[in-house]
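Participant: sequence first, predicted model second:
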Amino acid sequence: MAFATLILLAIAALVVFYVIGAYNGLVQLRNRFMNAFAQIDVQLKRRYDLIPNLVETAKGYLQHERSTLEAVIAARNSASAASGKAAAHPEDPGAIKGLVGAETALTGAMGRFFALAEAYPDLKANQNMMQLTEELTSTENKISFARQAYNDAVTAYNTRREQFPTVVIAGMFNFGPAELFVVTDGAEREPVKVSFT
């Protein structure tokens, strides 16, 4: 009887240690993807800070294109607000989806802005405009790399939380799925063109 009790205690101890290890692993992966989102957020804020300067520089040249400039600022403000919500809750799939939608709208508005700016040679030659577009291009590249790191971290987290028997522990402790930062439409995958060469 004592031997059977020891075996049962050993099995119970192994189960407890497994649950603790699985829980800690999920916490670690969740923190990793939340940190990866924080890196995206830093770059998005940099981009949001550059856009008003870009629009202000172009205002003098694009006086008759006020609606385009206002659309860029409105899309920037919407994306900035969505980014704030996502930064507060990167584990919330709805917040990430909202950010992806707002970023898609901003990318479209910026694409129209740069297409319009191409028609103004003096604007293209403006030193301030060239510097801002170079900074924006660099920021866009950093956002792309940060998004890739975030998606890798989300994939690792989601894979772990969906595997058996970890899925049971994830369910017990409310480890919900994380949302990838993915652009779904092929046209939206085109990068913003920011060069005036």
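Facilitator: Now that the structure is in, tell me what you want to look at.

Participant: longest helix in the protein, please.
Facilitator: helix 2-59 (DSSP state H).

Participant: average pLDDT for that one?
Facilitator: Across helix 2-59, pLDDT averages out at 94.

Participant: next structured bit after it?
Facilitator: Next along the chain after helix 2-59, taking DSSP states H and E as the criterion, comes helix 66-88.

Participant: now do the buried residues in that following helix.
Facilitator: 68-69, 71-72, 75-76, 78-80, 82-83, 85-87 (16 or more other CB atoms under 10 Å). The way it works is simple: take the backbone N, C-alpha and C, and place the C-beta from them, glycine included.

Participant: coming back round to it: how far is the longest helix of the chain from where the chain is centred?
Facilitator: Mean-position distance between helix 2-59 and its chain equals 15 Å (CA atoms, centre = their mean, to the nearest Å).

Participant: same question for stretch 133-153.
Facilitator: Distance, centroid of stretch 133-153 to centroid of chain: 9 Å (CA atoms, centre = their mean).

Participant: then it to PDB, C-alphas only?
Facilitator: Coordinates of each C-alpha in stretch 133-153 appear next as PDB, following Å, rounded to 0.1, in the frame of the first residue of the first chain:
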ATOM      1  CA  THR A 133      11.100  60.800 -47.300                       C
ATOM      2  CA  GLU A 134      14.400  59.100 -46.600                       C
ATOM      3  CA  GLU A 135      13.600  59.000 -42.900                       C
ATOM      4  CA  LEU A 136      10.200  57.600 -43.700                       C
ATOM      5  CA  THR A 137      11.700  54.900 -46.000                       C
ATOM      6  CA  SER A 138      14.000  53.900 -43.200                       C
ATOM      7  CA  THR A 139      11.200  53.800 -40.700                       C
ATOM      8  CA  GLU A 140       9.000  51.700 -43.100                       C
ATOM      9  CA  ASN A 141      11.900  49.100 -43.300                       C
ATOM     10  CA  LYS A 142      12.200  49.000 -39.500                       C
ATOM     11  CA  ILE A 143       8.400  48.500 -39.200                       C
ATOM     12  CA  SER A 144       8.600  45.600 -41.700                       C
ATOM     13  CA  PHE A 145      11.400  43.900 -39.700                       C
ATOM     14  CA  ALA A 146       9.500  44.500 -36.400                       C
ATOM     15  CA  ARG A 147       6.300  43.100 -37.900                       C
ATOM     16  CA  GLN A 148       8.200  40.000 -39.000                       C
ATOM     17  CA  ALA A 149       9.600  39.500 -35.500                       C
ATOM     18  CA  TYR A 150       6.200  40.000 -34.000                       C
ATOM     19  CA  ASN A 151       4.500  37.500 -36.300                       C
ATOM     20  CA  ASP A 152       7.300  35.000 -35.500                       C
ATOM     21  CA  ALA A 153       6.700  35.400 -31.800                       C
END
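
Participant: can you give me the buried ones in that stretch?
Facilitator: 133, 135-136, 139-140, 142-143, 146-147, 149-151, 153.
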